[in-house]
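S.K.: Using only what follows, build the 3D model:
(one chain, ligands or ions: 1)
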Amino acid sequence: MVTDHMKELVIQIRDRYEQTLANIAQLARESGRDPESVKLVVVTKAQPLEIVRAAVQAGATILGENYPEESVTKISSMDAGSSVEWHMIGHLQSRKARLVIEHFDLLQSLDSLKLAERLNRMAQEFGRTLPVMLEINVGGEESKYGWQVTNEKEWPRLYPVVEQILGLKNLEIRGLMTMPPWETNPEDARIYFRSLRLLRDHFAARYTNANWNQLSMGTSADYGVAVQEGATLVRIGTAIVGPRPLIKQGGI
Ligand SMILES: *Cc1c(COP(=O)(O)O)cnc(C)c1O
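M.R.: Numbering: from 1, shown residues only. This next block holds a predicted model:
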C-alpha cells in the first residue's frame with residue numbers, strides 16, 4: 001500500500017534530487033566538463049528505510065551509507081530487481097569488513113593497508129572483486145580517517161601503500177575520496193578539492209595500469225565547488241533527503 005505520506009515524501013525528495021542534478025549539470029557545463037561525468041550519490045546514512053525507499057522511487061541510482069549493520073538491513077529489504085548501487089562511504093572497522101564484501105558494490109572509504117588486506121582476503125573467499133577508493137585526509141585533521149597527505153611533498157609517502165594495494169588481486173582501485181575540514185564558506189573547501197585532484201592526476205600518471213577516474217568529493221554544503229574542481233562523485237544527504245534523525249548525526 002502506498003500511503004499519502006509516502007507519496008508526499010517521494011515528491012519532496014524527487015524535487016530536490018532533480019534540482020540538485022540540474023545544478024550539477026549546469027556547473028559541470030560552465031566548467032567545461034561533460035555533465036554525464038558527475039554522478040550523484042544520495043547519502044541515506046542514519047535515515048529510516050522509508051526514506052531509502054522514497055529516494056529510490058524518486059530516481060536515486062547510487063546510495064551512500066556509513067554504518068554497516070544499518071545498511072545491511074536496508075540493502076536486504078530492497079526489491080529483488082532493484083538496480084541501486086550501494087557505496088560504503090564511512091570508516092569501516094576491520095571486523096565489519098565481511099558485511100561490505102557481502103553487500104556493497106563499492107567502498108569509497110578505504111583508509112588503511114590492514115583493512116585493504118583483510119578485504120582482499122575476504123573478497124577472494126567470497127569470489128568477488130571489490131572496487132575501492134582511497135580516502136585521503138587532505139586537511140591533516142587528527143579527528144578524520146584517511147591517509148594524511150596535505151601537500152605535494154607528502155605524495156611519495158603513499159607510494160608504498162598504493163603499490164601494495166595494487167598487488168591485492170581482489171581489490172580494484174577506482175580513484176580517491178576526501179572529506180575536507182568543515183568550513184562555513186564552501187569556497188574555502190576549494191584548495192582541498194584541488195589538492196585531491198592533483199594527487200589523483202599524479203597517481204594516474206605514475207600508475208598507469210590502474211583506473212584513477214573517480215574523484216569523490218563534495219557534500220550538501222560544497223558540492224558546487226567540488227564539481228568545478230573535478231568531482232566525478234558527489235555525496236549529498238541532507239540537501240536531498242532532509243536532516244538526519246539526531247541520534248546518529250555527525251558521522252564522519
Ligand atoms: C554524511 C556524509 C555525507 C553527506 O553529508 P550531507 O551534509 O548530509 O550532504 C557525505 N560524505 C560523507 C563521508 C558523509 O559521512
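
S.K.: switch to C-alpha atoms for all contacts and neighbour counts from now on
M.R.: Will do.

S.K.: Quick check: which ranges of the stretch 101-250 of the chain have low pLDDT?
M.R.: For the stretch 101-250 of the chain, the stretches with pLDDT under 70 are 247-250.

S.K.: Show me what from the stretch 101-250 of the chain comes close to the ligand.
M.R.: Contacts of the stretch 101-250 of the chain with the ligand, taken as C-alpha under 6 Å from any ligand atom, map to T219, S220, R235, I236, G237, T238, A239.

S.K.: Would you verify that the third one is located in a strand?
M.R.: Yes - secondary structure assignment places R235 in a strand (DSSP: H, G, I helix; E, B strand; the rest coil).

S.K.: Any idea how many residues pack against the closest residue to P68 other than its chain neighbours?
M.R.: Distance criterion C-alpha to C-alpha, 6 or more residues apart in numbering; nearest residue to P68, sequence neighbours excluded, is L99 at 6.4 Å. L99 has 15 neighbouring residues, counting by other C-alpha atoms under 10 Å.

S.K.: buried set for the helix or strand hosting L99?
M.R.: Assigned by DSSP states H and E, L99 falls within helix 97-103. Of all the residues in helix 97-103, those buried under the rule 16 or more other C-alpha atoms under 10 Å are A97, R98, V100, I101, H103.

S.K.: Next, count neighbours for P156.
M.R.: Using other C-alpha under 10 Å, P156 has 11 other residues around it.

S.K.: related to what we said a few turns ago, in CSV, list the residues of the stretch 101-250 of the chain next to the ligand along with neighbour count.
M.R.: Formatted as CSV, these follow (neighbours: other C-alpha atoms under 10 Å):
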residue, neighbour count
T219, 22
S220, 17
R235, 23
I236, 24
G237, 22
T238, 15
A239, 16
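
S.K.: Could you export those as a markdown table, including distance to N209?
M.R.: Below are those laid out as a markdown table (distance: C-alpha to C-alpha, whole Å):
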| residue | distance to N209 |
| --- | --- |
| T219 | 30 |
| S220 | 33 |
| R235 | 27 |
| I236 | 31 |
| G237 | 34 |
| T238 | 37 |
| A239 | 37 |
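
S.K.: Quickly name whichever of those is closest to Q228.
M.R.: T219 (13.3 Å; C-alpha to C-alpha).

S.K.: Can you give me every residue that contacts the closest one?
M.R.: Going by C-alpha atoms under 8 Å, 6 or more residues apart in numbering, T219 touches V234, R235, I236, G237.

S.K.: switch the cut-off to 6 Å
M.R.: Counting by C-alpha atoms under 6 Å, 6 or more residues apart in numbering, T219 touches R235, I236.

S.K.: And the one 10 residues further on, by the same measure?
M.R.: Taking C-alpha under 6 Å, 6+ apart as the criterion, E229 is in contact with R194.

S.K.: cool, and G140?
M.R.: Residues near G140 by C-alpha under 6 Å, 6+ apart: Q148, T150.

S.K.: and it, which of the three is it?
M.R.: Per three-state DSSP, the local secondary structure of G140 is coil.
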